[in-house]
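[1] only geometry, no sequence info:
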């Protein structure tokens with residue numbers, strides 16, 4: 001991908017959206033993660049997939065994840081970037097204790113050229129430092 005700066009902007013924007021009250025996965029994803037006993041939940045931004053997936057996947061999470069994927073695609077398009085240039089894009093929500101609202105959201109993207117970019121935004125709307133092992 002030629003325009004890494006624009007892609008970084010997209011990643012930051014979707015991370016900011018994902019942790020906001022405008023993201024429709026909340027608080028449903030947080031309730032599901034509590035029931036599963038995990039501190040991280042991931043939404044694939046390219047494919048209809050949530051991990052770990054509650055069984056059955058509640059329709060609110062499915063609709064919210066679909067809306068998040070669409071927002072990601074819309075932000076990419078607004079920057080004249082193609083979703084076809086990406087091999088993976090994942091939003092990982094990080095929770096603390098028994099909270100149903102995420103403490104932060106980290107976005108990890110890999111391009112077809114193998115370039116990996118990660119950014120995270122905390123629940124305060126500021127850049128967050130989160131260490132995830134998915135892209136090592």
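    Arrived safely, thanks for sending. This structure is a prediction, so every number in the text was calculated from the model and none was measured.
[2] Any buried residues in stretch 13-21, and which?
    13-19 (16 or more other C-beta atoms under 10 Å). All C-beta spots, glycine's among them, are computed from the backbone N, C-alpha and C.
[3] Show me the shaky parts of the protein.
    1-2, 131-136 (pLDDT under 70).
[4] ok, 90 please
    1-4, 97, 125, 127-136 (pLDDT under 90).
[5] Now do the longest helix anywhere in it: everything it contacts.
    Across the chain, the longest stretch assigned as helix under DSSP state H is helix 59-78. Here helix 59-78 makes contact (C-beta atoms under 8 Å, 6 or more residues apart in numbering) with 10, 13-14, 17-18, 23-26, 28-29, 32, 43-46, 48, 50, 54, 82-83, 89, 91.
[6] Residue 21 and residue 122: what is the separation?
    From residue 21 across to residue 122, the span is 14 Å (C-beta to C-beta, to the nearest Å).
[7] The helix or strand following the longest helix of the chain versus helix 59-78: what angle between them?
    Counting by DSSP states H and E, the next helix or strand C-terminal to helix 59-78 is strand 86-94. Interaxial angle of strand 86-94 relative to helix 59-78 (axes from the mean of the first three to the mean of the last three C-alpha atoms, to 10 degrees): 130 degrees.
[8] and strand 86-94, what does it pack onto?
    Judged by 3 or more C-beta pairs under 8 Å, 6 or more residues apart in numbering; DSSP states H and E, the packing partners of strand 86-94 are helix 4-19, helix 28-36, strand 40-44, helix 59-78, strand 104-111.
[9] Near the spatially closest residue to residue 65 that is not a sequence neighbour, how many other residues are there?
    In space, and not counting its chain neighbours, residue 65 is closest to residue 43: 4.8 Å by C-beta to C-beta, 6 or more residues apart in numbering. Neighbourhood size, residue 43 [other C-beta atoms under 10 Å]: 26.
[10] tell me the contacts of residue 43?
    18, 25, 29, 49-50, 65, 68-69, 90-91, 93.
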